[in-house]
Structure formats: C-alpha cells, structure tokens
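Trainee: this one's sequence-less:
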C-alpha cells in the first residue's frame, strides 16, 4: 500500500515501480527505491523502437522534501543496447538537467532563485550555493539555445553597473516583447559588437535590426553605426528630459545661494506639476510668476517646453520646434540649460526620431533596477557568468 502511495505521489508509472522506502529519523531523510519491471524494453530519444536492457547503473536523485525531511530517489537506471551495438543510458522521466536532481526539485530551485540570492536558496533546499548557481546557469543556457530571435527588428540597449567604480555591463532587449535577449561586458563600442555576435548565434543577424534606442553615449553611437548598419537610432525621450531636469536643478542650486526662497523647491521643480499637492503647486506657480527675474523659473519653463515638443508626432514639426527651442535657450542666460540645447543640436535627428518610433528604454531601466536590487541582496557578484544568469532569471 505504501509503495502504491509513493508511486501515485511521484507520478511513477510502468515500466517503473517503487520497490521500497527507508525513513531515517536521525538523519531526517526519506529514501525511496525505484526500479523497473524485469523484461521491460525502453525507447531512446532519436532512435526508433523499444530496446532491451543491457545492464543498469545506480543513481541517486534529490527530490522535493517530504514534509520537513529531505527526500531522495535511489533508482536502478537501465542502459539499453541499440541495433548498431552501442550501449546508451536511459534517462528516467523525472530526471533533471543537472546530475543528481529531479525535475521538480530543479523547478523549485529556479523559482526560489528568481526571488532570492543563490546562497539563500541553497540554505532553504540544503545543497551548496555552487550547485544552485550551476543549475541556474544550465537552465539559462538551455533556454537561450532554444530561443529563436529571427523575428526581432527593434532593440533597446542600455548599460548598468556590475560593481563599484566604472565597471559596467550592457544589455540588449527586444523592444517589442520587452525582454532581455543579450548581455555583454563593458559599455563601449566593443560591447555592441559582443551583443551583435550573441544575437547572430540565435538567428538574429545585425542587418535585420531596423531600429535601436540608446542613450547619448558616444561609445554606443559609434558602436551602433559600426555594427548595426541598418538600424535607425532613437535617443530615448526620457534621457533627454532627464538632462533637462538636471539642468533645472543645477540652476536652482546656483541661485539659492542668494535667493533663499528656492530652498526646498527641488522636487516641486522636478516632478510633473499635475502630481504635486496643492500647496507645492501654488509655490511653483508663484515661482513661475517671477520668471523675468529668476533664472530657475525660466529653466523650468524651457524644460516643460521641451517635454511638450517631444510629445509631438509630426517629425518635421518636432524638428523645427526643437531648432527654435535651441535658438531661444542659447540666447538666454540660463547657462545649465544651454548645455542641454547644445546636446539637442548635436543629436537632433536621433531625438526627432522619437516622434516616429516612440521607442523608449523605460522598461529596460526597470529591469536594471531589478538587477541592482538582486546585486545588493547578494552583496555583489564576482563572475560575469553569474551576472548574466541572474539577469536572464
């Protein structure tokens, strides 16, 4: 009766059968013995027919816990003799991709590792951190090998830090499906080359990429020009607005040395006015009313004008308005905003492309945030392969 109960719980069916179980209370382990019915023949993937058993090998698999006790399967695994005379081992249906684990146990580890560090998952399941990391790397590589990227046409590329200092990795995501599809070390033009090589290996030649969104990094611009010859570059609208916000804040910091009323205004100036509380909105309106004398107010107005221009969908209108905006800003005395105007002039066509492509790196920034959170929980990662695995998980 007990054997039949374990067979039902494990999903064991003929020609496999449970032949016994041992429970060690002191070691807190349950060991279930699994064998096959004598005279059984087995199929083998890629080879037609059912084949006789040549001999057996003893295998031990870690399975899901039995309540709070560790559970193991001890299996007599058959090796079959093929028509060509060769002998090959049969993989039981519950065997995982990493030696010594069942599929269900590996599925549990993968679910845990999506939510916590490898070390924390290893403590919960009672195996070493290195085996947990190896299991995750194995599944990530298997998943990537089966991924067909032949339909990818639009990319989003961004960098994120992998350690303290100037140590970065570069991520490429499918802008349509919004998922990471390649990871490379560094954040230079050679990183773009690494990404295109990885994409090529998964049926996505560089020539088929028609659009790419990046920030205004000179290295990324050069890398895209060299390695993505058919891709139209779009500079993410939110990076442009981010530069304008930084200019507003720099202007406020300069002016607040002599105008104490600007202290405490930082978030009122940087947030969307519609999301401000009534008191903060009133303070902002009072500041804007002093636009003729306060350069911070003029910087805020220029920033809002830029936001409105980038909301346009007519590419020629957006281009003309941006040129006019740059001229007005360059004639003003708002020095930090002049730097933004100069940047817009240098990258005008890529910024204007936003009016048509509407490509953004916002979702990729969110994914970078998840990776940074995982990195902090793990107190950093030392190997690039580990970083790559965590990102794809």
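Mentor: Right, received. Where do you want to start? The model shown is predicted, which means the values in this text are computed figures rather than measured ones. Numbering: from 1, shown residues only.
Trainee: what sits against residue 285?
Mentor: Shown in contact with residue 285 (CB atoms under 8 Å, 6 or more residues apart in numbering): no residues. All C-beta atoms are positioned from the backbone trio N, CA, C, and that covers glycine.
Trainee: Distance-wise, check it relative to residue 297.
Mentor: 10 Å (CB to CB, to the nearest Å).
Trainee: Equivalent analysis for residue 175, please.
Mentor: In terms of CB to CB, residue 175 sits 37 Å off from residue 297.
Trainee: do the same with residue 139
Mentor: From residue 139 to residue 297 the distance is 55 Å (CB to CB).
Trainee: neighbour count winner among the two?
Mentor: residue 297 (24 against 21; other CB atoms under 10 Å).
Trainee: For the closest residue to residue 267 other than its chain neighbours, report the pLDDT, please.
Mentor: In space, and not counting its chain neighbours, residue 267 is closest to residue 280: 7.7 Å by CB to CB, 6 or more residues apart in numbering. pLDDT recorded at residue 280 is 88.
Trainee: Residue 280: neighbour count?
Mentor: Residues near residue 280, counting by other CB under 10 Å: 17.
Trainee: Report the buried residues of whatever helix or strand it lives in.
Mentor: Residue 280 is part of helix 278-288 when elements are defined by DSSP states H and E. Neighbour counts over helix 278-288 (16 or more other CB atoms under 10 Å) mark 280, 283-284, 287-288 as buried.
Trainee: cool, and stretch 324-337?
Mentor: For stretch 324-337, a neighbour-count test (16+ other CB under 10 Å) marks 325-326, 329, 334, 336-337 as buried.
Trainee: Might you specify the subset of the residues you listed located within helices?
Mentor: 325-326, 329, 336-337 (DSSP state H).
Trainee: picking that back up, same for the following helix or strand past the helix holding residue 280, what does it pack against?
Mentor: Later in the chain than helix 278-288, the nearest helix or strand by DSSP H and E is helix 295-310. Secondary-structure packing of helix 295-310 (3 or more CB pairs under 8 Å, 6 or more residues apart in numbering; DSSP states H and E): helix 237-255, helix 278-288, helix 315-331, helix 335-346.
Trainee: could you redo the last one with a cut-off of 10 Å?
Mentor: Other elements packing on helix 295-310 under the criterion 3 or more CB pairs under 10 Å, 6 or more residues apart in numbering; DSSP states H and E are helix 237-255, helix 266-270, helix 278-288, helix 315-331, helix 335-346, helix 348-352, helix 354-357.
Trainee: Show me which positions of the second one end up buried.
Mentor: So that's helix 266-270. Neighbour-count burial for helix 266-270 [16+ other CB under 10 Å]: 268-270.
Trainee: Out of the residues you listed, which is nearest to residue 185?
Mentor: Of all those, residue 185 sits closest to residue 270, with 33.2 Å by CB to CB.
Trainee: Could you verify my assumption that the closest one touches residue 249?
Mentor: Yes. Counting by CB atoms under 10 Å, residue 270 touches residue 249, with 6.6 Å between them.
Trainee: which other helices and strands contact the helix or strand bottoming out on mean pLDDT in the chain?
Mentor: Least confident helix or strand, the chain: helix 2-10 with a mean of 75, by mean pLDDT, DSSP states H and E. The helices and strands touching helix 2-10, judged by 3+ CB pairs under 10 Å, 6+ apart, are strand 16-24, strand 29-36, strand 47-66, strand 69-81.
Trainee: where in the stretch 51-200 of the chain is pLDDT low?
Mentor: Scanning the stretch 51-200 of the chain with the threshold set as pLDDT under 70 gives 165-166.
Trainee: Turn the helices and strands packed on helix 295-310 into a markdown table, including distance to residue 106.
Mentor: Formatted as a markdown table, the helices and strands packed on helix 295-310 follow (distance: least, CB to CB, whole Å):
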| stretch | distance to residue 106 |
| --- | --- |
| helix 237-255 | 39 |
| helix 266-270 | 46 |
| helix 278-288 | 52 |
| helix 315-331 | 50 |
| helix 335-346 | 49 |
| helix 348-352 | 44 |
| helix 354-357 | 41 |
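Trainee: circling back: what is the nearest of the buried residues of helix 266-270 to residue 186?
Mentor: Among these, residue 270 lies closest to residue 186 (CB to CB), at 30.9 Å.
Trainee: roughly how far apart are the closest one and residue 299?
Mentor: 11 Å.
Trainee: Could you do residue 376 as well?
Mentor: According to CB to CB, residue 376 and residue 299 sit 34 Å apart.
Trainee: Which one's more surrounded, the two?
Mentor: residue 299 (28 against 9).
Trainee: The more buried one and residue 320: what is the separation?
Mentor: Taken as CB to CB, the span from residue 299 to residue 320 is 23 Å.
Trainee: Over to residue 353?
Mentor: From residue 353 over to residue 320 (counting by CB to CB), the distance is 15 Å.
Trainee: same thing with residue 34?
Mentor: Counting by CB to CB, the gap from residue 34 to residue 320 is 75 Å.
Trainee: Kindly report the same for residue 224.
Mentor: Distance from residue 224 to residue 320, by CB to CB: 26 Å.
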